[in-house]
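[1] below is the sequence, then the predicted model.
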Amino acid sequence: MRFRPFLALILCLTPLAAAAGEVTVRPGPEALIRAIAKARPGDVLILETGRYAGPITIDKPLTLTGQGAEVAGRGTGTVISVTAPDVTLRGLTVTGAGKRLDHLDSGVALAQSARHALVENNRLIGNLIGVDVQGAHDVTVRNNTIEGRDDLRVPERGPGIYVWNAPGLLVEGNRISKGRDGVFVTTSNKATYRRNVMTNLRYAFHSMYSNQLVVEDNVSRGNTMGFALMYSRRLRVTENLSDDDSAHGFFMNFANHAVISHNEVRNGGEKCLFVYNSNVNRITANRFEGCGIGVHFTAGSERNVISGNAFIGNRLQVKYVGTRWLEWSENGTGNYWSDHVAFDIDGNGRADSPYRPNTAIDRVVWSQPMAKLLMGAPAVQLIRWSQQRFPGLLPGGVIDSAPLVSPKGAGLPPKPGETQ
């Protein structure tokens, strides 16, 4: 007899579940707003080709899907606001958000109550923010085309995907362009960002105060900066590509306990890698090529492992301002340096002489740029020669005691069918 209330509840809910189904929606004045109001939880609203007026709010579990269906806002506020769990948005074009960053005007906004939302295969065009994930857990944002605004000054633009406090988030396979940052993450832990392609932005990927993130197999191309990792811990950043980014490929600022591995910088700009006050990181098997500076290492960064990397064709391989000696090899494995002229007589893959990228003259030039005028002076050349012959004269710096003679194994792993 104790089970009768439970059975009565099941019988009451069964007709509601059975009633959920597919509903075709045709364009018309406020057609989508009325369809959402009438829909039952669990319904699939199939939007026929055409334009639907926004803004709209989805306050019950629904699926909105359509090919050629455009949901257009009025140029103010957010176009689609989701406040219910288990909502899916698929195959829509969303446009017409406002341009107020203080209001987080977005194409799609997921409130904290929008748990398990799925946003996939949509086109979000010309919105200040493409997708705003504000506190919703276990959300997936997948295979969308997000094109922001470039008619505003850079500080006035929004990110393609903005994330706050969204653990369990998966962001994958998106194509993001224009706007300010491709993906901006703040105070949000335990998420995965992979296989996204980001172009024509300030930063491709930007994390702030966010821990335990996986950032893998993404492409940053033609941006000011590729991957900015700031005030974040325990990141796993692997197999990402920075191609033709003008300032930095990878930027680490107070980033600690991270694994930075098998990434690649091509056609780099000012710096391939910048490491500022970042500690206890493993930076291994990366390829840094074609930058003004291969790696700029500064501000007391300590206990980092830097080995197995390839530094190729950078105008200056290392800029390190400090008096401590830093060993950049681990267990007999150092890095490959394209400008290191050395023999490998025993054929073990390690050069027979250590690599020291900087001298005391370099430090003088960094602190007093006008000293470049003296670089050809005999006295300067004598100091460089003396320090090469007598390393004890060096005041400290980077030393690679086991430099590699081949860049093989560094950078992006070969794809199926390719050879490295």
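    On my side now, so go ahead. Numbers count the residues shown, from 1 in each chain.

[2] beta partners of Asp243?
    Listed by DSSP bridges, the beta-bridge partners for Asp243 are Arg221, Arg266.

[3] could we number from 422 for the rest of this?
    With the count now opening at 422, the last piece we talked about shows up as Asp664.

[4] was I right about it contacting Ser641?
    Yes: between Asp664 and Ser641 there is a contact under C-beta atoms under 8 Å: 7.0 Å. (Each C-beta comes from the backbone N, C-alpha and C, glycine too.)

[5] determine the longest strand present in this protein.
    strand 484-493 (DSSP state E).

[6] what segments of this structure are helices?
    Counting by DSSP state H, the segments of the chain that form helices are 425-440, 452-459, 781-788, 799-810.

[7] now the third one: average pLDDT?
    Just to be clear, that refers to helix 781-788. Helix 781-788 comes out with an average pLDDT of 50.

[8] which stretches of the stretch 722-841 of the chain form strands?
    726-728, 731-733, 737-741, 746-748, 757-758, 818-820 (DSSP state E, counting those that start in this stretch).

[9] ok, the last one: who's next to it in the sheet?
    According to DSSP bridges, strand 818-820 has the following sheet partners: strand 746-748 (parallel).

[10] go through the strand it pairs with and flag the buried ones.
    Leu747 (16 or more other C-beta atoms under 10 Å).

[11] give me the residues contacting stretch 665-674.
    By C-beta atoms under 8 Å, 6 or more residues apart in numbering, the residues outside stretch 665-674 that reach it are 625, 641-652, 658, 663, 679, 681, 684, 686-699, 702, 709, 712.

[12] if we can go back for a sec, and Asp664 and Ser641? Which one has more around it.
    Higher neighbour count among Asp664 and Ser641: Ser641, with 28 against 17, using other C-beta atoms under 10 Å.

[13] let's see the pLDDT reported for Gly721.
    Looking at Gly721, the pLDDT reads 73.

[14] burial count for the nearest residue to it once chain neighbours are set aside?
    Of all residues not flanking Gly721 in the chain, Asn698 sits nearest, at 5.8 Å (C-beta to C-beta, 6 or more residues apart in numbering). Using other C-beta under 10 Å, Asn698 has 14 neighbouring residues.

[15] who are the contact partners of Asn698?
    Asn674, Phe675, Thr719, Ala720, Gly721, Ser722.

[16] Asn702 contacts Leu694, doesn't it?
    No: between Asn702 and Leu694 there is no contact under C-beta under 8 Å: 10.9 Å.

[17] looking at those two, which has the bigger crowd around it?
    Leu694 (29 against 24).
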